[in-house]
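Peer 1: This is a predicted model, with the sequence first.
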Amino acid sequence: MGDTSLDTMLATTRRFLAAEVDARAHDRAGCMPERVLEGARALGLFGLSIPERWGGLGLSLREVAAIVAEVARADRSLATTVGLHAGLGTRALIDLAPEPLQARWLPMLARGTRLASFAATEPGAGSDLASVRTTVRRTRSGLCVDGEKAYVTNAGLAGVLTVLVRDADATGRPSALVLVPRDTHGVEIGREERKMGLRASSTCTVRFDGAIVPADHRLSARGLEDAHRTLAWGRVLLSAGCLGTVRIALERTLAHASERRQFGRALIELGSVRHHVASIATAEATISALLDRACAHDADLPMHAGALKVLASELACEACDRAVQVHGALGFLEDPGVALLSRDCRVTRIFEGANDVLLVRHGTAVLAGHRLPRAHHDGALGGQLDALASRLDDAVFAARRLHGVVAIRHQTMLQALARADLWLHAASATLDAASSGDATRASVLALGARRALDRAGRALDRAEQSELYEGYEDDIVEALSREPTRVGACA
Ligand SMILES: Cc1cc2nc3c(=O)[nH]c(=O)nc-3n(C[C@H](O)[C@H](O)[C@H](O)COP(=O)(O)OP(=O)(O)OC[C@H]3O[C@@H](n4cnc5c(N)ncnc54)[C@H](O)[C@@H]3O)c2cc1C
C-alpha cells in the first residue's frame, strides 16, 4: 500500500472511530458491541495483515502498526482485538501453514467473520512456557489435543486458535503449534475474565478435551522456535497500541492543562505541568522512533520488537500516570476517561512476555557480548552516547570478572545492564529520527534522546552498585520470609 492509500485508510478509520466507538461505554459494558465489530469488518480492519490473494489488504507491519495506533487512540480494547488478530492470531497461519489450510481459513479471517487467538499461557505455565502441559498426539483420525490454556485474548470471539503444545510422549520444550478451529468437538471456551482494564477485549480460559483436528493443522514442529516472527509481530502491534494511548493522553492533557485555571493562571503555565506535558510528548516521539526502527529491520525484527515492547509499555504507563496527575481529581474519576487509559495500559508490561523476564533475558545477552544496534551520532549528545556505551562495556567486563559464570544468577544486575543497552538504543533511534523532522518534532526528539541518555546513565549506576542493592534486598526478603508476621511491625 502506498502512502496515499495508507492515508486514505487512516482517514476512513478515524471517521469510523469518531462515529461508532465509545471506549468508556464499551469499558462499562465489559464487551465490544456487535455493531462496532460489524463496522470494523466492513472497514477491513480484520484483513489488514492478510495477503491480498486471501482477501486481505496485505499491509506491511509498519502500515498495520499505524492503523492499530489510530484505533488505540479511540479504544485500546478494540485495538487489542484487532492487533491480536493481525499479529499473534494469524501470523503463524500466514508464515507457516500449508497452502490448503491458508485457503480454508484466511479468507474468513480476512473478512472478520471468524477471529483468531493465540493460546500459549496455561494456569501453571506463564513466563515459563517450557513447562506447558497441553499435549498433542497422533491418532488414526488426526491430531488430538488435550489440556487447558489461560488468558486467551479474543477467545470469546474466536473461530480459530493457534495453540502451543508438547508431544504427548516427549519431554523437553513444547514441540508444536497446532491450529484448532473453535467449533472442534472437545473445545470449551470458559467465561469472560473480569479485568482491571481492556474490559471490552475478550479474555477466557480454553479447555481442550480430546479435540481432534486433521494432521495438516500442525503449523510448526518446533514449538515457538519457528514462531519468532509471530511473537515479534505481536510485540510490535502491542507497542503500536501504546503509541495510540500516549497520543490521546497527550491531547487530553494538553487540552486540560490549557483550560483549567488555578492561582489565576492556566495549569500549562506552571513549570511542573510543562514538565509532565513535555515528558508525555517525548514518550510519544521515542515510541514512534523505536517503532519505525523496528519496522525497518525485518531481518532482526524479534530483537527490535522485544526492546520496543519493554520501552513502549514502560513509557506509555508512565505517560498515562502523568496524564492522571495533571487532571487532578478528574484523573481519578472514571467519566473523563483518563483513568481508563491508565487501567488499559497497565497489562502491557505483563502480557506478551513480562518486562522483568524480557529484561533478564536481554541482560544475559548483553553479558554475552550482544548489543542493540546504535549508529554513530555527531554532536554533544552523540558524544554522551559513546561515553555511556563504553561505560556499559566496562560494567559488563566488571560483572564478568566479579561473578564469573554465575553472573547470570544476578537478576538485578542483568536487568540494569539490559536497561542501559535499551535506553542507549532509544537515544540512538530518537537522534536518527530528529535529523529528518520539522523543528518542533526535532526538539521533542532531541529531548527524548537526552532523557534516554539520563536513564541509561541511571541504569549503569544501578548495575555498578547492584551487589549492594542485591545484598540489602536479599536480607530484607529473607527476614520477611522467616517471620512474615513482622510485616508492618515497625508502624
Ligand atoms: C489481559 C491478558 C491477555 C492475555 N492474552 C494472552 C493470549 O492471548 N495468549 C497467551 O498465551 N497468553 C496471554 N496472556 C498471558 C500473559 O502472556 C502472561 O500473563 C504473561 O506471560 C506472564 O505470565 P504469568 O501471568 O503466569 O506470570 P508469572 O510467570 O507467574 O510471573 C509473575 C511475575 O513474576 C516475575 N517473574 C517470573 N519469572 C521471572 C523470571 N524468570 N525472571 C524475573 N522475573 C520473573 C515477573 O515480575 C512476572 O511479572 C494474557 C494475559 C492477560 C492479563
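Peer 2: Cool, got the structure.
Peer 1: Could you pull up the residues touching the residue in the stretch 101-250 of the chain positioned nearest to the ligand?
Peer 2: The ligand sits closest to residue 126 of the stretch 101-250 of the chain, with a gap of 1.7 Å, by C-beta to the nearest ligand atom. All C-beta atoms are positioned from the backbone trio N, CA, C, and that covers glycine. Applying C-beta atoms under 8 Å, 6 or more residues apart in numbering to residue 126 gives the contacts 150, 354.
Peer 1: Also residue 224?
Peer 2: By C-beta under 8 Å, 6+ apart, the neighbours of residue 224 are 120, 129, 164, 173, 174, 177, 231.
Peer 1: Let's verify residue 359: helix, strand, or coil?
Peer 2: helix (DSSP: H, G, I helix; E, B strand; the rest coil).
Peer 1: Could you count how many residues lie near it?
Peer 2: Residues within reach of residue 359, counting by other C-beta atoms under 10 Å, total 22.
Peer 1: Mind giving me the packing neighbours of the longest helix along the chain?
Peer 2: Across the chain, the longest stretch assigned as helix under DSSP state H is helix 228-259. Secondary-structure packing of helix 228-259 (3 or more C-beta pairs under 8 Å, 6 or more residues apart in numbering; DSSP states H and E): helix 61-74, helix 76-84, helix 91-96, strand 265-266, helix 271-296, helix 301-327, helix 338-346.
Peer 1: and the direction of it versus that of helix 338-346, what angle?
Peer 2: 160 degrees (axes from the mean of the first three to the mean of the last three C-alpha atoms, to 10 degrees).
Peer 1: Which SSE is immediately downstream of helix 228-259?
Peer 2: strand 261-262 (DSSP states H and E).
Peer 1: Please parse this protein into its domains.
Peer 2: 3-111, 115-223, 228-353, 358-476 (automatic domain parsing).
Peer 1: average pLDDT across the last one?
Peer 2: If I follow you right, that is domain 358-476. Mean per-residue pLDDT for domain 358-476: 94.
Peer 1: gap between the two ends of it?
Peer 2: Across domain 358-476, the terminal residues are separated by 25 Å (C-alpha to C-alpha, to the nearest Å).
Peer 1: Mind checking if that domain is in reach of the ligand?
Peer 2: Yes: on the criterion C-beta under 6 Å from any ligand atom, domain 358-476 is in touch with the ligand at 360, 411.
Peer 1: Give me whichever of the helices and strands packed on helix 228-259 is most buried.
Peer 2: Comparing the helices and strands packed on helix 228-259 by mean neighbour count (mean count of other C-beta atoms under 10 Å), helix 76-84 comes out on top with a mean of 29.
Peer 1: Return the distance of that one from the chain's centre.
Peer 2: Put simply, helix 76-84 sits 11 Å off its chain's centre (C-alpha atoms, centre = their mean, to the nearest Å).
Peer 1: Point out the other helices and strands that that helix packs with.
Peer 2: With contacts taken as 3+ C-beta pairs under 8 Å, 6+ apart, helix 76-84 sits against helix 23-29, helix 34-43, helix 61-74, strand 115-119, strand 142-153, helix 228-259, helix 338-346.
Peer 1: Give me the contact status of the longest helix of the chain with the ligand.
Peer 2: No: judged by C-beta under 6 Å from any ligand atom, helix 228-259 stays clear of the ligand, getting no closer than 8.6 Å.
Peer 1: Please shift the residue numbers so they start at 3 in all later answers.
Peer 2: Renumbered: residue one is now 3, and that last one reads helix 230-261.
Peer 1: Show me which residues of that helix are buried.
Peer 2: Within helix 230-261, the residues that count as buried by 16 or more other C-beta atoms under 10 Å are 231-252, 254-256, 258-259.
Peer 1: what about stretch 335-342, how long is it end to end?
Peer 2: Separation of the first and last residues of stretch 335-342 by C-alpha to C-alpha is 9 Å.
Peer 1: My error: substitute stretch 373-381 in the last question.
Peer 2: 22 Å.
Peer 1: what sits up against it?
Peer 2: By C-beta under 8 Å, 6+ apart, stretch 373-381 touches 299, 302, 305-306, 309, 384, 387-388, 391, 394, 423-424, 426-427, 430, 433-434.
Peer 1: repeat that for 7 Å
Peer 2: 305, 309, 384, 387, 391, 423, 424, 426, 427, 430, 433, 434 (C-beta atoms under 7 Å, 6 or more residues apart in numbering).
Peer 1: Equivalent analysis for stretch 441-456, please.
Peer 2: Under C-beta under 7 Å, 6+ apart, the answer for stretch 441-456 is 280, 283-284, 287-288, 291, 383, 386-387, 390, 425, 428-429, 432-433, 435-436, 439.
Peer 1: What of stretch 135-143?
Peer 2: By C-beta under 7 Å, 6+ apart, the residues outside stretch 135-143 that reach it are 124, 126-127, 145-151, 165, 167-170, 178, 180, 210, 214.
Peer 1: try stretch 203-213
Peer 2: So stretch 203-213 is contacted by 79, 82-83, 121, 136, 146-159, 163, 182, 186-195, 197 (C-beta under 7 Å, 6+ apart).
Peer 1: near the ligand, which of the residues you listed show up?
Peer 2: Of the contacts of stretch 203-213, the ones that also sit near the ligand (C-beta under 6 Å from any ligand atom) are 121, 153, 154, 155, 197.
Peer 1: In TSV, list these along with pLDDT and neighbour count.
Peer 2: As requested, these are exported to TSV (pLDDT from 0 to 100; neighbours: other C-beta atoms under 10 Å):
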residue	pLDDT	neighbour count
121	97	29
153	98	20
154	98	24
155	98	27
197	98	17
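Peer 1: Residue 97: what's it in contact with?
Peer 2: Shown in contact with residue 97 (C-beta under 7 Å, 6+ apart): 231, 232.
Peer 1: Tell me how far it lies from residue 296.
Peer 2: Distance of residue 97 to residue 296, computed by C-beta to C-beta, to the nearest Å: 17 Å.
Peer 1: What of residue 92?
Peer 2: In terms of C-beta to C-beta, residue 92 sits 19 Å off from residue 296.
Peer 1: Also residue 417?
Peer 2: To residue 296, residue 417 is 21 Å away according to C-beta to C-beta.
Peer 1: same check, this time on residue 353
Peer 2: Per C-beta to C-beta, residue 353 is found 18 Å from residue 296.
Peer 1: show me what contacts residue 9?
Peer 2: Residue 9 neighbours (C-beta under 7 Å, 6+ apart): none.
Peer 1: check which helix or strand covers it.
Peer 2: helix 5-22.
Peer 1: List the buried residues in that helix.
Peer 2: Buried-residue list, helix 5-22, by 16+ other C-beta under 10 Å: 8, 11, 15, 18, 19, 22.
Peer 1: From those, which one has the minimum pLDDT?
Peer 2: Scanning the buried residues of helix 5-22 for pLDDT, the low point is residue 8. It has 91.
Peer 1: can you pull the contacts of that one?
Peer 2: Contacts of residue 8 by C-beta under 7 Å, 6+ apart are 65, 68.
Peer 1: List, one by one, the residues from the stretch 53-202 of the chain near the ligand.
Peer 2: Within the stretch 53-202 of the chain, the positions lying close to the ligand (C-beta under 6 Å from any ligand atom) are 120, 121, 122, 123, 128, 129, 153, 154, 155, 197, 200.
Peer 1: quick check: angle from the helix or strand hosting residue 444 to helix 273-298?
Peer 2: Element membership for residue 444, per DSSP H and E: helix 441-466. Here the directions of helix 441-466 and helix 273-298 differ by 90 degrees (the same axes, to 10 degrees).
Peer 1: Just checking the distance from whichever helix or strand comes after helix 441-466 to the centre of its chain.
Peer 2: For helix 441-466, the following helix or strand on the C-terminal side (DSSP H and E) is helix 468-484. Relative to the centre of its chain, helix 468-484 is centred 31 Å away, using C-alpha atoms, centre = their mean.
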